[in-house]
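1. I'll drop the sequence and a predicted model, then ask my questions.
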Amino acid sequence: MKYLIILLILSIIAYIFTSLPFFAGLCLGITGSMLLSYNWYWNLRNAQLGDGGKVKTGTLTRMLIVTAACLIWVRFPETFNIIGILIGLLLTYALIFWRAASELFKRKR
């Protein structure tokens, strides 16, 4: 989350100085990405603490978050750029992959 917060602050600053729709979309996408990350963490934590029963992955919640971000873009296309939104939404998965790869390479050393 700290990396996403840093990126959000940087994109807010970039939007303030440039007023480009890309950075507004990036802010929206990173906010959605933070919600996705929290949802992923919540479901992982519940699976770890659970009794070994049914494991929920939160797919519906993640789909609703992405759909809400896209609906905001459809409503305000002059304010938000879809490419910025998509990049922001993909940051969660990029950070998960980066963290997993760094842990894997730490174990091989």
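-> Thanks, I have it.
2. so where's the chain uncertain?
-> 108-109 (pLDDT under 70).
3. what do you get if the cut-off is 90, keeping everything else the same?
-> 1-4, 37, 39-59, 62, 92-93, 95-96, 98-109 (pLDDT under 90).
4. What segments of this structure are helices?
-> 2-18, 21-49, 59-75, 82-108 (DSSP state H).
5. Mean neighbour count for these - can I get that in CSV?
-> Backbone N, C-alpha and C define where each C-beta goes, glycine included. Below are the helices of the chain laid out as CSV (neighbours: other Cβ atoms under 10 Å):
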stretch, mean neighbour count
helix 2-18, 14
helix 21-49, 19
helix 59-75, 14
helix 82-108, 14
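6. excluding its backbone neighbours, what's nearest Glu78?
-> Excluding the flanking residues, the one nearest Glu78 by Cβ to Cβ, 6 or more residues apart in numbering is Pro21, at 6.9 Å.
7. The one you found against Ile85, yeah?
-> No - in terms of Cβ atoms under 8 Å, Pro21 does not count as a neighbour of Ile85; the distance is 10.0 Å.
8. picking up where we left off before, what's near enough to touch the residue nearest to Glu78?
-> By Cβ atoms under 8 Å, 6 or more residues apart in numbering, the residues touching Pro21 are 78-81, 84.
9. just those now: which is nearest Ala68?
-> Phe80 (12.3 Å; Cβ to Cβ).
10. Relative to Ala100, how far out is the residue nearest to Glu78?
-> Distance, Pro21 to Ala100, by Cβ to Cβ, to the nearest Å: 33 Å.
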